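Asks: fold the following for me, if possible:
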Amino acid sequence: MTANDKMGLGAFGETRKNKTTRPQKIEPQKFEEQHRSMPNDQVLIKPKRRLTAKDTPKSVQAQLDTHMAIKQIATIENKRNYEVLNEIVESYVQNMPSQSKKLVIDSVRAVQQNMRDF
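Replies: Numbering: from 1, shown residues only. Got it, this is the predicted structure:
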């Protein structure tokens, strides 16, 4: 097969030229950084040490299969049950609508003010 047998402009050594020009690139304007009243940090306080059984209340009730799932996740990740629950609550609150999220955060902050340091 020779160069003359090929079809298209490349066969003759010609290249296609653009007939249209690119539009002018417009850079977006930069505005001042907005300060939001919604905190983006974590909702729950991470304890400085691993908590013992007497540091955590036993008031959470769950179905047996839910409890087993939490227990297995904690075993796999080498964490305590309360650490897994904290992560679940954190992710749930972060995905809530902003009004509900603010209510939860305000309630949690009020309780955290009365907690003793861990």
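Asks: alpha carbons only for contacts and neighbour counts from here, please
Replies: Fine.
Asks: got the buried residues for stretch 63-72?
Replies: Neighbour counts over stretch 63-72 (16 or more other Cα atoms under 10 Å) mark I70, K71 as buried.
Asks: how about stretch 77-90?
Replies: Of the residues in stretch 77-90, R80, Y82, E83, V84 count as buried by neighbour count, 16+ other Cα under 10 Å.
Asks: helices of the protein, start to end?
Replies: Secondary structure of the chain (DSSP state H): helices at 64-76, 81-94, 98-114.
Asks: quick one: contacts of the longest one?
Replies: Under the contact criterion Cα atoms under 8 Å, 6 or more residues apart in numbering, helix 98-114 has outside partners M38, V43, L44, I45, V93, Q94.
Asks: want to throw those residues into a markdown table with distance to A62, pLDDT and neighbour count?
Replies: A markdown table is the format used below for the contacts of helix 98-114 (distance: Cα to Cα, whole Å; pLDDT from 0 to 100; neighbours: other Cα atoms under 10 Å):
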| residue | distance to A62 | pLDDT | neighbour count |
| --- | --- | --- | --- |
| M38 | 30 | 53 | 11 |
| V43 | 22 | 75 | 20 |
| L44 | 20 | 75 | 14 |
| I45 | 23 | 72 | 12 |
| V93 | 19 | 90 | 18 |
| Q94 | 22 | 89 | 14 |
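Asks: all good on my end, thank you.
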